[in-house]
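**Student:** Using only what follows, build the 3D model:
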Amino acid sequence: MSEPDPAEVRACAASCAVANVRRAARAVGKLYAASLSGLDLEPTQYSLLVACSLAEGWTVSKLAEVFVLDRSALARNLAVMEKRGLLRVKAGEDRRTREVTLTKQGRATLAVALPLWRAAQTKAEAKFGAERLAHLVGELRALAAAVQDD
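**Tutor:** Residues are numbered from 1 along each chain as shown. Below is the predicted model of the structure:
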């Protein structure tokens with residue numbers, strides 16, 4: 001059995017897109033999770049509240065596509081949120097689809113969460129630089145779009 005080339009292993013650790021994006025995602029996720037913890041709301045759930053608020057009645061498939069989540073992972077998050085009364089998942093016009101809508105409680109939770117998100121966003125901007133963060137967000141969106149085409 002051959003041994004890995006140490007130089008190649010070091011190069012991989014330094015430049016691997018997935019490892020570095022995931023490391024940054026975990027660090028940034030902790031910042032936002034700490035801010036939202038009083039609401040017992042995970043950052044992914046917060047993002048789903050935002051998406052559902054902006055696009056009432058999106059299907060589960062559309063949400064999975066936008067969030068680049070597999071449908072089973074999304075279904076688990078939606079089930080937790082539906083159980084808490086934050087949203088409702090119902091059959092769409094086409095019975096094969098499931099539509100997601102925010103409930104009154106979901107909109108109220110989003111209203112309470114928005115200032116907490118703003119505090120986390122302001123903290124991230126202060127630590128990293130608002131302009132750099134905006135540029136990074138744009139680049140991450142471009143990266144996601146570029147690799148999804150493959």
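**Student:** Run a quick neighbour tally on residue 35.
**Tutor:** Residue 35 is flanked by 23 other residues according to other CB atoms under 10 Å. Glycine gets a C-beta too; all of them are placed from N, C-alpha and C.
**Student:** Tell me where this structure has strands.
**Tutor:** Along the chain, the segments classed as strands by DSSP state E run 58-59, 87-91, 98-102.
**Student:** Buried deepest among those strands, which one?
**Tutor:** strand 98-102 (a mean of 20; mean count of other CB atoms under 10 Å).
**Student:** Buried by neighbour count: which residues of whichever helix in the chain runs longest qualify?
**Tutor:** Counting residues, the longest helix in the chain under DSSP state H turns out to be helix 104-128. Residues 106, 109-110, 113, 116-117, 120, 124 are the ones in helix 104-128 that count as buried (16 or more other CB atoms under 10 Å).
**Student:** next one: stretch 34-50
**Tutor:** 35-36, 41-49.
**Student:** what would these look like in CSV with distance to residue 137?
**Tutor:** Formatted as CSV, the buried residues of stretch 34-50 follow (distance: CB to CB, whole Å):
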residue, distance to residue 137
35, 17
36, 19
41, 21
42, 20
43, 14
44, 17
45, 20
46, 16
47, 13
48, 18
49, 19
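**Student:** Spatially, which two of those are the most separated?
**Tutor:** Greatest spacing in the buried residues of stretch 34-50, by CB to CB: 35 and 48 (16.5 Å).
**Student:** hmm, who's touching stretch 17-31?
**Tutor:** By CB atoms under 8 Å, 6 or more residues apart in numbering, the surrounding residues in contact with stretch 17-31 are 12-13, 43, 120, 123-124, 140, 143.
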